[in-house]
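Peer 1: Need a 3D model of the sequence below.
(2 chains)
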Amino acid sequence: MRLSTLARTLATTAALALLAAAPAGAADTIFYPHLVYRSGAYAPNGIPFANGVADYVAMVNARDGGVGGARIELEECETGYATDRGVECYERLKTKGSGAIAFSPLSTGITFALTEKVPVDKIPLQTMGYGRSESADGRVFQWNFPLLGTYWSAADILIQHTARISGGLKGKKITLVYHDSPYGKEPIPVLQDHAAKHGYTFEAIPVTHPGVEQKAAWLKIRQTRPDFVFLWGWGVMNSTAIKEAVAVGYPRDKMYGVWWAAAEPDVRPAGDDAKGYQGLALHPSGADYAVHKDILKYVYDAGKGAGKREEVGEVLYNRGMIDAMLKLEAVRTAQKLTGKTVVNGADVREGYAGLDLSAARIKELGFEGLVTPLKVSCADHEGARKARIHQWDGKKWVFVSDWIEADTKYLRPKVEAAAAAYAKEKGITPASCP
Amino acid sequence: MIYRETGQFRTSYAADQAIFRLRQDRIGIALVLLFAWVGVPLLADDYLLRAILVPFLILAVGAIGLNLLLGYCGQISLGTGAFMAIGAYAAYNLALRLPGLPLLLDFLLAGLVAAAVGVLFGIPSLRIKGLYLAVATLAAQFFVDWMFARIGWFTNYTPSGSVTAPPLDLFGWLIDTPLEKYWLCLAFACLTAIVAKNLVRSRIGRSWMAIRDMDIAAEIIGIRPMTAKLSAFAVSSFVAGVAGVLWAFVHLGSWEPLAFSIDMSFRLLFMVIIGGMGSILGSFLGAAFITILPIFLNQAPALIGIELSTAMVSHLEFMIFGALIVLFLIVEPHGLARLWQIGKEKLRLWPFPY
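Peer 2: Next comes the predicted model:
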């Protein structure tokens, strides 16, 4: 008796759930999976990025009703920056809705693991400003898109800048303080290679995850007194490094962070001591661009913002926004190429490969000044490789250089060689590009 | 009433020594195995296979490895993650440097390399005991982490230190679908469980238990502590090494030393403690508790239709998971396997308990 009542209740609930699910599937929707970390050691950096993505997608849904007539359904999955949880999230989300359009893991470790899986599942992997550097070679890495710049590009830009301001690097000393993970190790080959070319002494000091213990690294820096310190850190490691630099009296304006080590959460905890600290900028910070007005109007005025209103326009917030914009532009390109409204991962890959973001289009999107034009091709999946240097003045980031472009002539053969080695190891036949 | 031995007579030594002496148990385990081999592949989707069952089975193998050492021989080890790493990198290097090596042979050789390193780091156990040994095995963990992160030869000088597994080619059969991976891991889990169960019932397993219960008494009745302890380290590291290969090759596909960090050692230790020390079944229960429960808790609010923010869900996951660990340890300090055993004893008396 009781059992049958229970069974009936369950059956009714299941039926109701099916009914509730049906209309959502019937309308034209595309599924936007989003791997985030809002908890754990890297949450201070993960949260603004995730908010930027969530707010931009909410704004596009509210203002345009989605992209190309398809509403965007966003679902977050918490990875905590852990590779195994990231893989679990990927498996959970990849077939939801009409199929995931693309993934952005926001972790080099998860990117490496997913690089093995996406060609089988036919879902593109967008790693804007991170990931494997050799994946810029689209002939081997057909499903990876490290848009806007890889770590090899970043290392090259930093060397160009420091060489310019110090009038040549001959006899100089450069020390890299890096997060001891694939992320931190990525720039080492380029920095070592440049050392032979420019004639500086290069030293790399690893810092173990999560990076709160760096005393030994900075004592070494006090001994060797390098001319420049490059910081390849993430999360709490960055602010700790700045505090340690203060403790050993290393000048902050000789320190350069990669673009993941040059945002507000990195400098604020160090207070006034962070003044003068510099870093790479993939894009400007600040909330006075056209797209921010729309976000504030459609999302925050409606009380649906993912974060606090005053945090709109922070460095990592803007980066999340740009990440989402590029993904949706790839979707739009895919819709144009295939003629379908609801596109899946394989279609979006074509969209990425044909992505051509002109200055006019950027202006139309409200990103004028935030991103430079980029053009992805079959062989080049990076699209653009430019960054500026900005400096923390105690309250905000101020640009101290113009756009610097990485040296393609120097980097491209290295990328191709590394990609060819990967292709050989995995038995991949590189695609031929026109 | 149903679950009792009345009327079942054992007339041979073989029947008396069987692992499952009760007919009901034999039917039960046959049903479980049938379900695992046939039922699950019919019912489960790719997500369940790839993201939940495969890691669960691999970590269950790892937990059996640690359980042999900790639960049966009484040697506390915080280096299981390190032995898994040795297995994974040994298999990677063997496959890389000896092309054409059959996959199973690669796995076994990697296990043997892990066993050799395990014996090496087990030597201190001859002199130091208990918590002091735990600290000594911690050295193994840190040394191995350092070795694979710093010595480029082991990772074939890849710039990022991350390596990728070769395709899984089992005698010409390419294992790449989630179902094939599940079957491979299930085969390893079944095999490990049977071998481990029989090992602990044999002379060698009994000598481990004698050492665990009182090493001086064991020595007096003629058990060599050195052989017993080092063989426990060897077998345990072998199993952990094979689990490491599976974790790297089958589950992750591409990994860096962080995949086998101290966190992994702790997770396996918790599996053994929560599942039940000195129990093969406990290793499976503990692995299920530690791997599946957090993922379930993470999805539970959405399943019952409660909308919560991602951060809230993940904080709730940590809180409930932690509370459950404490609860289980208070209710039954001997682990989930002990709860199962109590349940079975109750079932034998039902419906006339006395």
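Peer 1: Mind jotting down where the strands sit in the stretch 101-250 of chain A?
Peer 2: Secondary structure of the stretch 101-250 of chain A by DSSP state E, counting those that start in this stretch: the strands cover A:125-126, A:144-145, A:173-179, A:201-207, A:228-232.
Peer 1: Dump the C-alpha coordinates for the fourth one into CSV.
Peer 2: Meaning strand A:201-207. Extracted C-alpha coordinates of strand A:201-207, given in CSV (Å, rounded to 0.1, in the frame of the first residue of the first chain):
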residue,chain,number,x,y,z
THR,A,201,71.7,34.7,-17.8
PHE,A,202,68.4,32.9,-17.2
GLU,A,203,67.3,31.2,-14.0
ALA,A,204,64.0,29.5,-13.3
ILE,A,205,62.7,29.1,-9.7
PRO,A,206,59.7,26.8,-9.2
VAL,A,207,57.0,27.5,-6.5
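Peer 1: Which positions within that strand qualify as buried?
Peer 2: Of the residues in strand A:201-207, those buried by neighbour count under the rule 16 or more other CB atoms under 10 Å in any protein chain shown are A:Phe202, A:Glu203, A:Ala204, A:Ile205, A:Pro206, A:Val207. Placement of C-beta: from N, CA and C, glycine included.
Peer 1: doesn't A:Gly235 make contact with the last one?
Peer 2: No: taking CB atoms under 8 Å as the contact criterion, A:Val207 and A:Gly235 are not neighbours in contact, 11.2 Å apart.
Peer 1: Return the closest of the buried residues of strand A:201-207 with respect to B:Gly79.
Peer 2: Compare each of the buried residues of strand A:201-207 with B:Gly79 using CB to CB and the shortest gap goes to A:Pro206, at 21.4 Å.
Peer 1: now the closest one: how far from B:Thr158?
Peer 2: 16 Å (CB to CB, to the nearest Å).
Peer 1: interface residues of chain B facing chain A?
Peer 2: Counting by CB under 8 Å from any CB of the partner chain, the residues of chain B close to chain A are B:46-47, B:50-52, B:55, B:149, B:159-162, B:164-167, B:176, B:251-256, B:258-259, B:261, B:295, B:298-299, B:305, B:309-311, B:313-315, B:318.
Peer 1: Kindly recompute the last result at 7 Å.
Peer 2: Residues of chain B found near chain A, taking CB under 7 Å from any CB of the partner chain as the criterion, are B:47, B:50-51, B:55, B:149, B:159-162, B:164, B:252-254, B:256, B:258-259, B:295, B:298, B:310-311, B:313-315.
Peer 1: Helices - which of these land there?
Peer 2: In helices, judged by DSSP state H, the following of those are found: B:Tyr47, B:Pro55, B:Ala149, B:Ile295, B:Asn298, B:Thr310, B:Ala311, B:Val313, B:Ser314, B:His315.
Peer 1: For chain B, what is the nearest residue in the stretch 151-300 of chain A?
Peer 2: Ranking the residues of the stretch 151-300 of chain A by distance to chain B (CB to the nearest CB) places A:Pro182 first, at 3.8 Å.
Peer 1: didn't that residue look like it was pressed against B:Pro159?
Peer 2: No: at 8.8 Å, A:Pro182 does not count as touching B:Pro159 under the criterion of CB atoms under 7 Å.
Peer 1: who has more neighbours, those two?
Peer 2: In this comparison of A:Pro182 against B:Pro159, neighbours counted by other CB atoms under 10 Å in any protein chain shown, the higher total goes to A:Pro182 at 27 against 22.
Peer 1: roughly how far apart are B:Tyr47 and B:Glu345?
Peer 2: Here the criterion is CB to CB. By it, B:Tyr47 lies 38 Å from B:Glu345.
Peer 1: And those two? Which one has more around it.
Peer 2: Here B:Tyr47 and B:Glu345 are set side by side on neighbour count (other CB under 10 Å), and the busier one is B:Tyr47, at 18 against 11.
Peer 1: which residues does that one contact?
Peer 2: Applying CB atoms under 7 Å, 6 or more residues apart in numbering or on different chains to B:Tyr47 gives the contacts A:Glu91, A:Arg92.
Peer 1: Repeat the analysis, applying 8 Å as the threshold.
Peer 2: With CB atoms under 8 Å, 6 or more residues apart in numbering or on different chains as the criterion, the residues that contact B:Tyr47 are A:Glu91, A:Arg92, A:Thr95.
Peer 1: same deal with A:Ala420?
Peer 2: When contacts are taken as CB under 8 Å, 6+ apart, A:Ala420 is in contact with A:Val140, A:Pro430.
Peer 1: For stretch B:209-218, buried residues please.
Peer 2: If you call a residue buried by 16+ other CB under 10 Å, then stretch B:209-218 has these buried ones: B:Met209, B:Ala210, B:Ile211, B:Arg212, B:Asp215, B:Ala218.
Peer 1: And the furthest pair within these?
Peer 2: Pairwise distances among these were taken by CB to CB; the largest, 11.2 Å, belongs to B:Met209 and B:Asp215.
Peer 1: now the helices: where do they sit in the stretch 51-200 of chain B?
Peer 2: For the stretch 51-200 of chain B, the helices identified by DSSP state H, counting those that start in this stretch occupy B:54-67, B:80-97, B:103-122, B:130-150, B:178-201, in order along the chain.
Peer 1: in chain A, what spans have low per-residue confidence?
Peer 2: By pLDDT under 70, the low-scoring segments of chain A are A:1-26.
Peer 1: So for it, the centremost residue is which one?
Peer 2: Nearest to the centroid of the C-alpha atoms of chain A, with distances taken as CA atoms, centre = their mean, sits A:Met128, at 4.0 Å.
Peer 1: That residue and A:Ile322 touch, don't they?
Peer 2: Yes: the pair A:Met128 / A:Ile322 is scored as a contact, 7.0 Å apart, by CB under 8 Å.
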